[in-house]
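In: need the 3D shape of this:
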Amino acid sequence: MPATEAKVKTRPGTKAGQASEFTLISKLKPGGAERIRGLLADGFTGERQTNTDRIATVHDLRFVIFDNDTRIIFASTFDGDWESYINDFATILPDEIDLLFHEFEGYPGIHSPEIKDWIVAQQVSAVGFYSAYPDASVREVWKALKAKKALDALLDSVN
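Out: As a prediction, this is how the structure comes out:
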C-alpha cells in the first residue's frame with residue numbers, strides 16, 4: 001500500500017443501501033438507570049429533538065435499559081459512514097452526548113482520544129437490519145415532506 005493511502009478501519013454495524021445501523025450495549029454505573037430515565041423523561045422533544053436534528057443524518061435512535069437496570073442499549077439508524085456519525089456527535093452535540101453517556105460504565109468522554117476504541121468495544125453488529133428507505137437520506141426525506149406539504153397546500157387552495 002502506498003504511504004499516502006490511509007488504512008481505513010473496519011467498524012461494526014450493518015448497512016442497507018446508504019443507511020447504517022448502530023447498536024451499543026454497555027453496563028451502567030450504579031444508579032445510572034434512574035439518572036438516565038430522569039434525563040430522558042420527556043423523550044426527544046423540544047430542544048433535545050432540535051439538537052438531534054442538527055446532526056441531520058439520524059433516522060432514529062433509542063435507549064433501552066435492561067437486566068434489572070444494570071445494562072443499556074443505545075441503537076440508531078443513520079446516513080453515511082461510522083466515522084462521520086461519531087464525529088458529528090462529537091462536534092455538534094458534545095455536551096449532550098457526555099450528559100447522556102456519562103452513566104455508561106467506562107465512558108471516557110466524547111473528546112477523549114480513547115472514545116472510538118471504547119465505542120467499538122461496546123458495539124455489536126446486527127444480524128438482521130431492515131431499512132424501509134435504504135436509499136433515502138434524512139435530508140431527502142425532510143425535503144420530500146416539505147414538497148408534499150407545499151403540494152397539499154396548493155391542492156387545498158384549489159377547492
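In: and stretch 16-31, which residues are buried?
Out: In terms of neighbour count (16 or more other Cβ atoms under 10 Å), stretch 16-31 has its buried residues at 16, 18-26, 28-29. (Glycine included, C-beta is placed from N, CA and C.)
In: equivalent analysis for stretch 31-42, please.
Out: Of the residues in stretch 31-42, 32-33, 36 count as buried by neighbour count, 16+ other Cβ under 10 Å.
In: same question, stretch 92-103
Out: For stretch 92-103, the neighbour count (16+ other Cβ under 10 Å) marks 93, 96-97, 100-101, 103 as buried.
In: now, which of the residues you listed lie within helices?
Out: Helix and strand membership here follows DSSP state H; of the buried residues of stretch 92-103, those in helices are 96-97, 100-101.
In: for the residues you listed, which one is nearest residue 78?
Out: For those, the closest approach to residue 78 (Cβ to Cβ) belongs to residue 97, at 13.9 Å.
In: the closest one and residue 91 touch, don't they?
Out: No. Counting by Cβ atoms under 8 Å, residue 97 does not reach residue 91; the two are 10.3 Å apart.
In: ok, longest helix in the protein?
Out: helix 138-158.
In: distance between that one and the chain's centre?
Out: 26 Å (Cα atoms, centre = their mean, to the nearest Å).
In: pLDDT (mean, whole number) over it?
Out: Regarding helix 138-158, the rounded mean pLDDT is 88.
In: where in the chain is pLDDT low?
Out: Low-confidence segments of the chain (pLDDT under 70): 1-8, 159.
In: what segments of it are helices?
Out: Listed from the start of the chain, the chain has helices (DSSP H) covering 32-39, 46-53, 82-92, 94-101, 115-122, 138-158.
In: could you say what helices and strands the fourth one packs with?
Out: Under the contact criterion of 3 or more Cβ pairs under 8 Å, 6 or more residues apart in numbering; DSSP states H and E, the helices and strands touching helix 94-101 comprise helix 32-39.
In: tell me the angle of the helix it packs on relative to helix 46-53?
Out: Computed by axes from the mean of the first three to the mean of the last three Cα atoms, to 10 degrees, the angle separating helix 32-39 from helix 46-53 equals 100 degrees.
In: check which helices and strands helix 32-39 is in contact with.
Out: Other elements packing on helix 32-39 under the criterion 3+ Cβ pairs under 8 Å, 6+ apart are strand 58-66, strand 71-79, helix 94-101.
In: all set now, cheers.
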